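*Asks:* turn this into a structure:
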Amino acid sequence: MANWIINCVARYFIHLYRYFRKELLKREFLMADETRVQVLKEPERRAQSQSYMWLVRSGEDGQPPIIIFGYTQTRARYHIEKFLSGYPGGYLETDGYQGYNNLKNIKRCCCWSHVRRYFLDAIPKGKQDDLSIPAVQGVQYCDKLFIHERYCKEHGYSFEQRKEYRSKKSKPVIDSFFAWLEKQHPAVNSRFDKAVKYAQNRKQYSYTYLEDGRCSLSNNLSENSIRPFTVGRKNWLFCATPEGAHASAVADTMVEMAKAHDLNIFRYLTYVLENRPNEDMGDEQLALLALWNEEVKKTCKNK
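*Replies:* All right, here's what the predicted structure looks like:
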């Protein structure tokens, strides 16, 4: 069964995968995440070594979503640099991993969900509603930002309207938050200390999302896209070979793309295999197999 998947990826899916990657790098708003994966038979590496599965996807730009997985042996920065090579420029929403810092042609956005999570973890058990506790106050600041985002969404604000609303409502909250952080004196190495340092170390990226209404406040879309892989890993545990890990990345790309476009996964994979994408197909031909093509949506839609 593994060989069937590897064979289908190498013969057919890989051509669409490369097309999707090219289309993704035309987008101005990207998001990224990564997670561990164990690959047993990597050259010159122990079976217990940890490799990585990366995910780069389009952001909230109002265009059809594109989601790309990629396997690498390490978490080294040059892997994401290689993936983004040739990228003309734009915004990148990520978690706190420093490997995303100072990438060429990239304006990095900080994920406020991660900032909030650190303060939430620092709240003593049973004290979530005690506003006298500094960690609870930190969560309250973050929650205000999410309330503003929800307000924009519920009122159907355009990207320009969202940018203007953020400037009026969200920026003062962020200013107050970092002024409040300067006044905190947490116990060294406590959870609250880690939360304060995490936020302060990412201050320069915490304001970036205010620059454009299409930027995201959090990296939740990426986390949601990569979660099926991390949950599935608890069952299948590892990949046997690098070829299998690469095939997994391509196959997961096809599956998550179908889900993001609300298509029936089985129907879409069948549709692609019936049309046999190959290396002789140009972008115009591959576009006919893309999930945003009207014929594909009609044929593969969920009942």
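*Asks:* could you confirm Gly70 falls within a strand?
*Replies:* Yes - applying DSSP: H, G, I helix; E, B strand; the rest coil, one finds Gly70 inside a strand.
*Asks:* show me what it is bridged to.
*Replies:* For Gly70, the beta-bridge partners are Trp54 (DSSP bridges).
*Asks:* show me what contacts it?
*Replies:* Met53, Trp54, Leu55, Val56, His79, Phe83, Ala249 (C-beta atoms under 8 Å, 6 or more residues apart in numbering). Backbone N, C-alpha and C define where each C-beta goes, glycine included.
*Asks:* go with 7 Å
*Replies:* Residues near Gly70 by C-beta atoms under 7 Å, 6 or more residues apart in numbering: Trp54, Phe83, Ala249.
*Asks:* give me the element the nearest residue to Tyr19 once chain neighbours are set aside is part of.
*Replies:* Nearest residue to Tyr19, sequence neighbours excluded (C-beta to C-beta, 6 or more residues apart in numbering): Leu286, at 4.2 Å. Under the criterion DSSP states H and E, the helix or strand holding Leu286 is helix 283-287.
*Asks:* which helices and strands does that helix pack with?
*Replies:* Here helix 283-287 touches helix 14-24, going by 3 or more C-beta pairs under 7 Å, 6 or more residues apart in numbering; DSSP states H and E.
*Asks:* contacts for the helix it packs on?
*Replies:* Contact with helix 14-24 is made by 56, 58, 66, 68, 250, 253, 272, 277-279, 281, 283, 286, 289, as judged by C-beta under 7 Å, 6+ apart.
*Asks:* off-centre distance for stretch 183-195?
*Replies:* Between the centre of stretch 183-195 and the centre of its chain there are 28 Å (C-alpha atoms, centre = their mean, to the nearest Å).
*Asks:* restricting to C-alpha, output that stretch in PDB.
*Replies:* Output of stretch 183-195 as PDB, limited to C-alpha atoms (Å, rounded to 0.1, in the frame of the first residue of the first chain):
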ATOM      1  CA  LYS A 183       6.100  47.000  34.700                       C
ATOM      2  CA  GLN A 184       6.000  43.200  35.400                       C
ATOM      3  CA  HIS A 185       8.600  41.600  37.700                       C
ATOM      4  CA  PRO A 186       8.000  37.900  37.500                       C
ATOM      5  CA  ALA A 187       9.900  35.200  39.400                       C
ATOM      6  CA  VAL A 188      12.900  34.000  37.300                       C
ATOM      7  CA  ASN A 189      12.100  30.900  35.200                       C
ATOM      8  CA  SER A 190       8.500  30.900  36.300                       C
ATOM      9  CA  ARG A 191       5.800  30.300  33.700                       C
ATOM     10  CA  PHE A 192       4.800  33.900  33.900                       C
ATOM     11  CA  ASP A 193       8.400  34.900  33.400                       C
ATOM     12  CA  LYS A 194       8.500  32.800  30.200                       C
ATOM     13  CA  ALA A 195       5.300  34.400  29.000                       C
END
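*Asks:* what residues sit buried inside that stretch?
*Replies:* Within stretch 183-195, the residues scored as buried using 16 or more other C-beta atoms under 10 Å are Gln184, Pro186, Arg191, Phe192, Ala195.
*Asks:* which members of the residues you listed occur in strands, if any?
*Replies:* Nothing among these maps onto strands, per DSSP state E.
*Asks:* from those residues, which two are the most distant?
*Replies:* Distance extremes for the buried residues of stretch 183-195: the farthest pair is Gln184 and Arg191 at 12.8 Å, using C-beta to C-beta.
*Asks:* no further questions, thank you.
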